[in-house]
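[1] 3D model of this:
(chains A and B)
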Number of protein chains: 2
Amino acid sequence: MVHTTANRGHHPLSVAPWPYGRRPGGRLPLFAFACWLAALLCLPAAQAEDGHDLWLRHAPVESGAAGDYRARLVQLVAPEATATQRVARDELLRGLGGLLGASPAVSNAPDRDGALILGTPASSPRIAKLGLDLDGLGAEGYLIRSLSVDGHTATVVAANSDVGALYGAFHLLRLLQTRQPIDALDLRTSPKVALRVLNHWDNLDRHVERGYAGQSIWDWHRLPDWLDPRYTDYARANASIGINGTVLNNVNANAQILTPAYLEKVEALAGVMRPYGIRVYLSARFSAPMEIGGLKTADPKDAAVQRWWRAKADEIYAKIPDFGGFLVKANSEGQPGPQDFGRSHADGANMLADAVAPHGGIVMWRAFVYSDEEPDDRAKQAYTEFVPHDGEFRDNVLVQVKNGAIDFQPREPFHPLFGAMPKTPLMMEFQITKEYLGFATHLVYLGPMWEEVLRADTYAKGEGSTVAKVVDGSLEADEPGRSRLSGMAGVANIGSDRDWSGSHFDQANWYAYGRLAWDPYLDARDIAAEWVRMTFSNDPAFVDPVVGMMMASHQAAVDYMTPLGLHHLMGRGHHYGPAPWVEGGPRADWTSVYFHRATKEGIGFDRTKTGSDAVSQYAPPVAEVFNDPARVPEDFLLWFHHRGWTDRVSSGRTLWDELVHRYSRGVAEVQEMRATWDGLADHVDPERHHQVARFLAIQQKEAQWWRDASIAYFQTFSGLPLPEGEAAPLHSLDYYKSLEFPNAPGDGR
Amino acid sequence: MVHTTANRGHHPLSVAPWPYGRRPGGRLPLFAFACWLAALLCLPAAQAEDGHDLWLRHAPVESGAAGDYRARLVQLVAPEATATQRVARDELLRGLGGLLGASPAVSNAPDRDGALILGTPASSPRIAKLGLDLDGLGAEGYLIRSLSVDGHTATVVAANSDVGALYGAFHLLRLLQTRQPIDALDLRTSPKVALRVLNHWDNLDRHVERGYAGQSIWDWHRLPDWLDPRYTDYARANASIGINGTVLNNVNANAQILTPAYLEKVEALAGVMRPYGIRVYLSARFSAPMEIGGLKTADPKDAAVQRWWRAKADEIYAKIPDFGGFLVKANSEGQPGPQDFGRSHADGANMLADAVAPHGGIVMWRAFVYSDEEPDDRAKQAYTEFVPHDGEFRDNVLVQVKNGAIDFQPREPFHPLFGAMPKTPLMMEFQITKEYLGFATHLVYLGPMWEEVLRADTYAKGEGSTVAKVVDGSLEADEPGRSRLSGMAGVANIGSDRDWSGSHFDQANWYAYGRLAWDPYLDARDIAAEWVRMTFSNDPAFVDPVVGMMMASHQAAVDYMTPLGLHHLMGRGHHYGPAPWVEGGPRADWTSVYFHRATKEGIGFDRTKTGSDAVSQYAPPVAEVFNDPARVPEDFLLWFHHRGWTDRVSSGRTLWDELVHRYSRGVAEVQEMRATWDGLADHVDPERHHQVARFLAIQQKEAQWWRDASIAYFQTFSGLPLPEGEAAPLHSLDYYKSLEFPNAPGDGR
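    Sure, this is the predicted structure:
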């Protein structure tokens, strides 16, 4: 790359490292060899750390630990008959080469201490002979065990499939990257969720809806003839965290993706993903039969329409035998759907399901629906529309449900559909891209938010009926005839930016999503620590404070954006920055005032039994709590209740004072994060430290903006003074209202 | 980065180079040091060659030559008092560190043989004492000379300004990069053109009109708080080839760029560019006073409008004291302009010129204009509109003229305005981005096309009145009161893609533009060789064939797209692929049929005296030649003449046969280029070789497409069979007409 470090004042010698001042000349041949080596490598060595490595950064292990690892990984015994086997083998050689300075010797059989034996009973006679207990690992699980093989110490990575072995290989590398001991390994794991899928809201012109990391990584124009190496990088990164599916195009779908010219391109991408165990899926536009099929209708009960979709599925599977299936956003926000023809969501989903069923495909049908007319409470509609159809969906259909009932707000109570459709597999939809959480510049680690939802108790089958159990299917496994499918979807934050996600810390959200999709019961803090160690450093003096920052970051964002259960207060359209004053326009529920309902008397959306009664969509024990202003978690107070400005909250403060207090607390937390990060400069390369520091500065500025604009606005209702010691907003309310951002990224064009 | 080489079958050990198989352990401390060094550096060493280095790739010089260079560059004596001085010093330390394995020692005075002394008489007492002849070098020129200083051999790089010294530093590095001897240097150079400017057709939402290299590199949303290191990389690359100005936004301008919020962002970018001698300019929307100024008119004669622009200029210069000025596209393709208010281009340009004059700013006023109604011949309009105003423009105005009269077609005769406005500085506008030349995937080196135009003889002041002399001002320097300004503009092909230009070879067009802007008399082949050596390799076995490919590539593209002077036959809107059948729509001159005029009898646009008489816009000696079908260069035959299908051309073939012959010749040349490149795999890294090979495959496929679609279409007019041995088109004309590319990149949204 073109080096820029010198422009940040680093001594240029750091670019051409020469440990001993002037070159010693050729007096010492070995020394000269070192010089030559240094010279040869010095230019690449100067490569700035730009985050492109992600968590697959195999920086050399410090010598102490490296020695122990090397002794255990002297040689590699791994099959290479299939593409996936070669990928697993190459990952180990490359990863260990980076971590340990040299790759292990490749051998057909373990003939010394320190063998690493990888494979399946089918691919490796060695593994077969060991008679390991692989039952229960399923197709994707694996075990890693320290054993004695032929009298030699060995580390065995075994699975029932090549992909399982590949996952195991990545896990072994992770153990080294996080400096875990590997001398007495005995671990086995398999994914708790079957479908672990990324949703790309990528348009065919490479614009990414709600994307803050450049363009779509899919270079449709140059496909299928040019396969950007990034596609392979993408597959490796996803396989390393167990993601096994990707929906290539936006749920606001363009029917062109289903034309032959584009299916050729999709086929090429599927070929890149296949060795990594990743299936490609497509978002299907429900009206495609009319738009590209020349039919007069897209009625799912129409025989011609059914024939068209079956033929289209046959056409796709002829090119892509392992095509995953369709994702559909229907009758939502103006998208076409079965209701346009007087049919139900089940009618539409089943019609598509029947088309892909012969090929083993599935349909992911989104429950994010609300009518085009003004609803009494948008939060209630998905439940109202879908619960009646529980049990009507085909076995190869999943209903994809966002974590909350509105739309990926900074914090939402779990969606009432979880636990309410026992006969239907509900797929969790998380948003990895930070549409409502500060775009790419705010450091907001989403692990705690997702953990909160997954651990929420629906009480659907009594206490302990967590959302995680609904998602992995364990809660309702006994429902007669229930499909065995389970899934989790993450709306990707991946783009063409060098660092993939638009910022270094947003990579952690991609990583955390993958790990939680594999095991929804994992701990968000553990995941954060794992990621920090792989991405930056294993030094506890760095890991601990950074994990602390990450764990505190979500609450901070909620505090400076939408405290106490407030929601949907962002700028119209682009969703950038605060705009609680947004009103009017095409739909009431696309405004801010619809959601905060502030008056001279108070603020909040009354969803109690005497209000919109959204609470009654939850199981009784939950409904009671949410319905009671004294028992509802304070973080959701104004989500469910309209409260008076001077009502007291748990802190003893009035609601108004608490609101201001939380806004300020959020800003203070960001300031704290900045101070922490500034103190860690010695532990991280200057390039990444500088960018994170600059982004934290932007976050603090914008947190202040959120606080000040929101307080200035809500004060016009409360009419109350700011609590003692609280600074007045920096600008007038008119100033904040006057700000416009016509070119903010990620709009939904 | 995440390595992908293994997926192309390279042995993973290549990623962690280990020269001696198993690591030798710690037996030899020095050896171990080498191991440690290798291990430490091995990961970055594996960085794939992705083209991000551009021509600033300072790969180690092979040992032989390196020794000679080192002896001459033992120590560096360079000032570091100013930002530009520090940049020059750091460039030398970094560049020499990469090329020679270690940077020279920094010293305040030359005290041994092999000193490199850089600076100006003002910045360096050492330089001042040498009493060098710096007169005539101007503000940006420099000299490089091998001298004896204080009894030591020294290399002196001296200039009259810090930026001149910076240019000299880059030149010295180029000498090493291209393996020139440096033991007896005595060279002096200064730019022949004053303003060497890039035009970015970049919109504020990061869409780049006619951009094929990702998004705009300007991340407006995160400016001014986040300064992407790419901005500095960009400034370094441009300074290294002498570019001293950049217009940040699209000529189809958005007035928002002139609002305070955006000017803050522009100020931040100007701060990055300043040390590199690059001024920022903005495209000004003529109607801005109405759109963001709240005025009722933008009439240049209106006092309020004049006041508004003066105030706006004052506001800009208060932030950016060295702001360059405005570029304006007025009354062209629907853009607002002075004619909307009954005023002339001179009225409009002068009004803006008066606003920036007090601050030393300039105005670049584009001559690319044609009326919104159907013209008799679009080629004539710029001349008709501008020539009458010669002499009316202020001293700080340049009229920016495209190389040809239509619009950057694969080949155009030089624009008739060159030589026709002696009292006005005409700025050459070249298009670096390949809007009409195959986007980023076709290998088309534009050096020969630009050279052809610059060397064209206008005969304006008799033989030898070349376009280059018009552009550098030398031809008309004696015109009384003529402005001393001169300039060249290049429409950038730079984007957010890792390789900057969308392909490795498109970097050569950026490079060649810069070199020709510095000296329009340079040889395109020499520039190509220079670039190949700096970018890839100095091995003659590689340089010679690759330069050969590059030099043949433009004629090849002309042949397979628009042979014999045909033009404007591309797809509508996006301009991708062949579409000679385009007709109808809003404007006749936005169709293909308007330009090729094919009939049963013949083909070509009659611009002779008996036709549109465009020929008469050229000086008589040129007009006579262009007017005569027997004397007009055959490459422009159908540009100026409508000829019969069976008329004979110089080859003895009929026009129809020659047309088919040239289409096929173009395809064959691309095939030849592929074969040449395939044979060079051993001379270039696998990453870049692979991408170029894939792009050449796309180019061959699309060249065939151009040939077949064009022949199939024109045959419907000629009604003639294909010549003996010519293959029939692969598909039917209907098939080619049916192709649609709604998502092709770079559209003019």
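[2] Just the buried positions in the longest helix seen in chain A, please.
    When chain A is parsed with DSSP state H, its longest helix is helix A:686-718. In terms of neighbour count (16 or more other C-beta atoms under 10 Å in any protein chain shown), helix A:686-718 has its buried residues at A:687-692, A:694-696, A:698-700, A:702-715, A:717-718. C-betas here are computed from N, CA, C, even on glycine.
[3] how about the residues of the stretch 401-550 of chain A that lie near chain B?
    The stretch 401-550 of chain A comes close to chain B at residues A:439, A:441, A:496-498, as judged by C-beta under 8 Å from any C-beta of the partner chain.
[4] now these as CSV including pLDDT and secondary structure?
    Formatted as CSV, these follow (pLDDT from 0 to 100; DSSP: H, G, I helix; E, B strand; the rest coil):
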residue, pLDDT, secondary structure
A:Phe439, 98, coil
A:Thr441, 98, coil
A:Ser496, 98, coil
A:Asp497, 98, coil
A:Arg498, 97, coil
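[5] Could I get the pLDDT score of the closest residue to A:Val387 other than its chain neighbours?
    Excluding the flanking residues, the one nearest A:Val387 by C-beta to C-beta, 6 or more residues apart in numbering or on different chains is A:Ala420, at 5.4 Å. With respect to pLDDT, A:Ala420 has a value of 98.
[6] Could you do A:Ala38 as well?
    40.
[7] do the same with A:Gly64
    89.
[8] quick one: which helix or strand includes it?
    helix A:63-72 (DSSP states H and E).
[9] which residues of the stretch 351-500 of chain A fall in strands?
    Here the stretch 351-500 of chain A has its strands, by DSSP state E, counting those that start in this stretch, at A:362-366, A:397-402, A:426-431, A:487-491.
[10] Run me through the strand neighbours of the last one, direction for each.
    Strand A:487-491 pairs in its sheet with strand A:195-199 (parallel), strand A:426-431 (parallel), by DSSP bridges.
[11] can I get the ones you listed in JSON lines with mean pLDDT and mean neighbour count?
    Shown next, in JSON lines, are these (pLDDT from 0 to 100; neighbours: other C-beta atoms under 10 Å in any protein chain shown):
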{"stretch": "strand A:195-199", "mean pLDDT": "98", "mean neighbour count": "26"}
{"stretch": "strand A:426-431", "mean pLDDT": "98", "mean neighbour count": "26"}
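[12] Export these as TSV, with columns for distance to B:Glu91.
    Supplementary listing: those in TSV, determined by distance: least, C-beta to C-beta, whole Å:
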stretch	distance to B:Glu91
strand A:195-199	42
strand A:426-431	44
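[13] looking at the ones you listed, which is closest to B:His641?
    With respect to B:His641, and counting by C-beta to C-beta, the nearest of the strands paired with strand A:487-491 is strand A:195-199 at 57.7 Å.
[14] centre of the chain versus that closest one, how much separation?
    With C-alpha atoms, centre = their mean, to the nearest Å as the basis, strand A:195-199 stands 9 Å off its chain's centre.
[15] Can you tell me what sits against it?
    With C-beta atoms under 8 Å, 6 or more residues apart in numbering or on different chains as the test, strand A:195-199 has contacts from A:238, A:242-247, A:251, A:281, A:283, A:324, A:327, A:362, A:364, A:398, A:427, A:429, A:432, A:485-492, A:494, A:514, A:517-518.
[16] Can you give me the domain boundaries for chain A?
    Annotated domains of chain A cover A:63-189, A:195-535, A:558-605+A:642-738 [automatic domain parsing].
[17] So which of the ones you listed is the most surrounded?
    Ranked by mean neighbour count, the domains of chain A are led by domain A:195-535 with a mean of 22 (mean count of other C-beta atoms under 10 Å in any protein chain shown).
[18] Just want the angle from the host helix or strand of A:Ala675 to helix A:686-718.
    In the assignment (DSSP H and E), A:Ala675 maps to helix A:655-678. Put simply, helix A:655-678 runs at 170 degrees to helix A:686-718, going by axes from the mean of the first three to the mean of the last three C-alpha atoms, to 10 degrees.
[19] Can you spell out which helices and strands pack onto helix A:655-678?
    helix A:540-561, strand A:602-603, helix A:686-718 (3 or more C-beta pairs under 8 Å, 6 or more residues apart in numbering or on different chains; DSSP states H and E).
[20] hey, where'd the helices end up in the stretch 451-600 of chain A?
    Ranges of helices in the stretch 451-600 of chain A, per DSSP state H, counting those that start in this stretch, are A:467-471, A:506-518, A:524-535, A:540-561, A:593-596.
[21] returning to what we had before: of all the domains of chain A, which lies closest to B:Gly211?
    Among those, the nearest to B:Gly211 by C-beta to C-beta is domain A:195-535 (11.0 Å).
[22] ok so, going back, what's the first helix or strand after the longest helix of chain A?
    Sequence order places helix A:733-738 as the next helix or strand after helix A:686-718, per DSSP H and E.
[23] what pLDDT, on average, does that next one get?
    pLDDT averaged over helix A:733-738 gives 98.
[24] Which pLDDT value does the model give A:Leu475?
    For A:Leu475, pLDDT reads 98.
[25] Skip the chain neighbours and tell me the closest residue to it.
    Distance criterion C-beta to C-beta, 6+ apart; nearest residue to A:Leu475, sequence neighbours excluded, is A:Lys469 at 3.7 Å.
[26] So that neighbour sits against A:Glu463, correct?
    No - look at A:Lys469 against A:Glu463 with C-beta atoms under 8 Å: they stay out of range, at 11.7 Å.
[27] returning to what we had before: pull the contacting residues for the residue nearest to A:Val387.
    Contacts here follow C-beta under 8 Å, 6+ apart; on that basis A:Ala420 touches A:383, A:387, A:390, A:458, A:460, A:617.
[28] got a markdown table for the residues you listed, with pLDDT too?
    Shown next, in a markdown table, are these (pLDDT from 0 to 100):
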| residue | pLDDT |
| --- | --- |
| A:Tyr383 | 96 |
| A:Val387 | 98 |
| A:Asp390 | 97 |
| A:Thr458 | 98 |
| A:Ala460 | 98 |
| A:Gln617 | 98 |
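[29] Turn those into TSV, including distance to A:Gly644.
    Shown next, in TSV, are these (distance: C-beta to C-beta, whole Å):
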residue	distance to A:Gly644
A:Tyr383	29
A:Val387	34
A:Asp390	39
A:Thr458	31
A:Ala460	34
A:Gln617	26
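[30] from the residues you listed, which single one is nearest B:Gly577?
    A:Tyr383 (50.0 Å).
[31] Can you name the residues that contact that closest one?
    Residues near A:Tyr383 by C-beta under 8 Å, 6+ apart: A:405, A:416-417, A:420, A:617.
[32] Need the contact partners of the helix holding A:Gly64.
    A:60-61, A:99-101, A:113-114, A:116, A:153, A:155, A:176, A:179, A:181-183, B:36.
[33] Roughly how far does the residue nearest to A:Val387 sit from chain B?
    Separation of A:Ala420 from chain B (C-beta to the nearest C-beta, to the nearest Å): 40 Å.
[34] Can you pull the phi/psi pair for the closest residue to A:Tyr262 other than its chain neighbours?
    Spatially, and ignoring its direct neighbours in sequence, A:Tyr262 is nearest to A:Gln256 (5.8 Å; C-beta to C-beta, 6+ apart). The phi/psi pair for A:Gln256 (degrees, to the nearest 10) reads phi -60, psi -30.
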